[in-house]
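> give the three-dimensional model of this entry:
(2 chains)
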Amino acid sequence: NAGVTQTPKFQVLKTGQSMTLQCAQDMNHNSMYWYRQDPGMGLRLIYYSASEGTTDKGEVPNGYNVSRLNKREFSLRLESAAPSQTSVYFCASPSLPGLAGGLSTGELFFGEGSRLTVL
Amino acid sequence: AQSVTQPDIHITVSEGASLELRCNYSYGATPYLFWYVQSPGQGLQLLLKYFSGDTLVQGIKGFEAEFKRSQSSFNLRKPSVHWSDAAEYFCAVGARADGLTFGKGTHLIIQP
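Residues are numbered from 1 along each chain as shown, chains lettered A, B, ... in the order given. Predicted structure coming up:
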């Protein structure tokens, strides 16, 4: 899907367990994003990384941590999963590398999604 | 802060009829605007985008959208819908590296 790959596609966790969602993009672009999608809520930004070595909180960061391992990879970690984190998670990267000052002129390409259920 | 409003949670349209999905945005500068479509169990696919220039933009699958700055709107239209158009549609706004802001989506139902 336009060079964004995320794993796993499905995961069931018990409350309190931890897990990491992996994302990789092969477009060699600076920015990467993690969104969560919940019914009736659209997509909400959890964290983003504007460039290698930087990460910033989005709209709903609580309960999550991220790592921008290198330019290609951006992982999302749930340290102690809660039922409220049951959701579909999407990783994304822009179609273009972006301009100076953080401007992005491209749309986002999304991974296929990771469906997480926390019991 | 930027925001997107999609006033219609659900819309039902008969196959072959015309369609208009509404989108209103709030943004502090010239926005970049997008419409995405999501079929059940699938990821998001870009339908069309507006960056600048002609305010009527054409997209894939016969969709078009018109940017109206005075109304802060970016409504999606299709002259004749097909059963395969049944899906969730998302409007989004953004122009910076801090990502896109999405509306809550409109669920499109096609009646035979």
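> give me the nearest residue to residue B:8, chain neighbours excluded.
residue B:106 (5.0 Å; C-beta to C-beta, 6 or more residues apart in numbering or on different chains). Bear in mind the C-beta positions are built from the backbone N, C-alpha and C, glycine included.
> hey, C-alpha coordinates of stretch B:65-74 in PDB?
Presented in PDB, the C-alpha positions along stretch B:65-74 are these (Å, rounded to 0.1, in the frame of the first residue of the first chain):
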ATOM      1  CA  ALA B  65     -15.000  18.000  -4.800                       C
ATOM      2  CA  GLU B  66     -15.300  21.800  -4.800                       C
ATOM      3  CA  PHE B  67     -13.300  24.000  -2.500                       C
ATOM      4  CA  LYS B  68     -15.300  27.100  -1.300                       C
ATOM      5  CA  ARG B  69     -13.100  29.300   0.800                       C
ATOM      6  CA  SER B  70     -16.000  31.700   1.700                       C
ATOM      7  CA  GLN B  71     -17.900  28.800   3.200                       C
ATOM      8  CA  SER B  72     -14.900  26.800   4.500                       C
ATOM      9  CA  SER B  73     -16.300  23.800   2.700                       C
ATOM     10  CA  PHE B  74     -14.900  21.000   0.600                       C
END
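> what comes up buried for it?
B:65-67, B:73-74 (16 or more other C-beta atoms under 10 Å in any protein chain shown).
> can you tell me which of those residues end up in strands?
Under the assignment DSSP state E, the buried residues of stretch B:65-74 contribute B:65-67, B:73-74 to strands.
> by mean pLDDT, which helix or strand of chain A comes out lowest?
Comparing helices and strands within chain A by mean pLDDT, DSSP states H and E singles out strand A:108-110 as the least confident, with a mean of 89.
> quick one: the closest residue in space to residue A:16 that isn't next to it in sequence from residue A:107, how far?
Leaving aside its sequence neighbours, residue A:16 sits nearest to residue A:80 (C-beta to C-beta, 6+ apart; 5.3 Å). From residue A:80 across to residue A:107, the span is 34 Å (C-beta to C-beta, to the nearest Å).
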